[in-house]
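[1] Need coordinates for the following:
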Amino acid sequence: MSAQSSFDYAVIRVVPRVEREEFVNAGVIVFCLQKNFLAARVHVDPERLKALWPEVDVDLIRQHLEAFPKVSAGDPSAGPIAQLSLRERFHWLVSPRSTMIQVSPVHSGICGNPEESLDRLFTRLTC
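    Numbering: from 1, shown residues only. Next comes the predicted model:
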């Protein structure tokens, strides 16, 4: 069994009509400094989004959501933010926004394997 480490996570949300404050969970970001781990997983559910706003541009939402895994992984195609340290990237990813793509407050937990925690949280919170 792996040594237990603390980790932080936030849920990525799509808020098609910000003024209504209704949202669909669309992904999860997990950060574990001790294990040198930062990753995000996203999923777009067009039917759920269109239930909140039939005119939503699903392709545009998908495009913006795809930036989260790229920035998390430090992908150079994600721009200068992706070149920051793990901690700086995590804080940038979870910073409050008032746009259609938002994140929940940051939550903490304990894990042996942050990748498994990401899998479990993603399945439980977005599917």
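[2] Same question for the lengthiest helix in the chain: list its buried residues.
    Longest among the helix segments of the chain by residue count, using DSSP state H, is helix 114-126. Buried residues in helix 114-126, counting neighbours by 16 or more other Cβ atoms under 10 Å, are found at 114, 117, 118, 121, 122, 125, 126. Where you see a C-beta, it was placed from the backbone N, CA and C, and this is true even at glycine.
[3] same question, stretch 66-84
    For stretch 66-84, the neighbour count (16+ other Cβ under 10 Å) marks 67, 68, 69, 70, 71, 72, 78, 82 as buried.
[4] can I get the CA coordinates of it in PDB?
    In PDB, the C-alpha atoms belonging to stretch 66-84 read as follows (Å, rounded to 0.1, in the frame of the first residue of the first chain):
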ATOM      1  CA  GLU A  66     -10.200  20.800 -22.700                       C
ATOM      2  CA  ALA A  67      -7.800  23.500 -21.400                       C
ATOM      3  CA  PHE A  68      -8.000  22.100 -17.800                       C
ATOM      4  CA  PRO A  69      -6.300  18.800 -18.500                       C
ATOM      5  CA  LYS A  70      -3.700  20.600 -20.800                       C
ATOM      6  CA  VAL A  71      -2.800  23.200 -18.200                       C
ATOM      7  CA  SER A  72      -2.700  20.500 -15.500                       C
ATOM      8  CA  ALA A  73      -0.300  18.400 -17.500                       C
ATOM      9  CA  GLY A  74       1.900  21.300 -18.300                       C
ATOM     10  CA  ASP A  75       1.200  20.900 -22.100                       C
ATOM     11  CA  PRO A  76       3.100  23.700 -23.900                       C
ATOM     12  CA  SER A  77       0.100  24.200 -26.300                       C
ATOM     13  CA  ALA A  78      -1.800  25.500 -23.200                       C
ATOM     14  CA  GLY A  79       0.200  28.700 -23.100                       C
ATOM     15  CA  PRO A  80       2.300  30.300 -20.400                       C
ATOM     16  CA  ILE A  81       0.100  29.200 -17.500                       C
ATOM     17  CA  ALA A  82       1.000  25.600 -18.300                       C
ATOM     18  CA  GLN A  83       4.700  26.400 -17.600                       C
ATOM     19  CA  LEU A  84       4.100  27.400 -14.000                       C
END
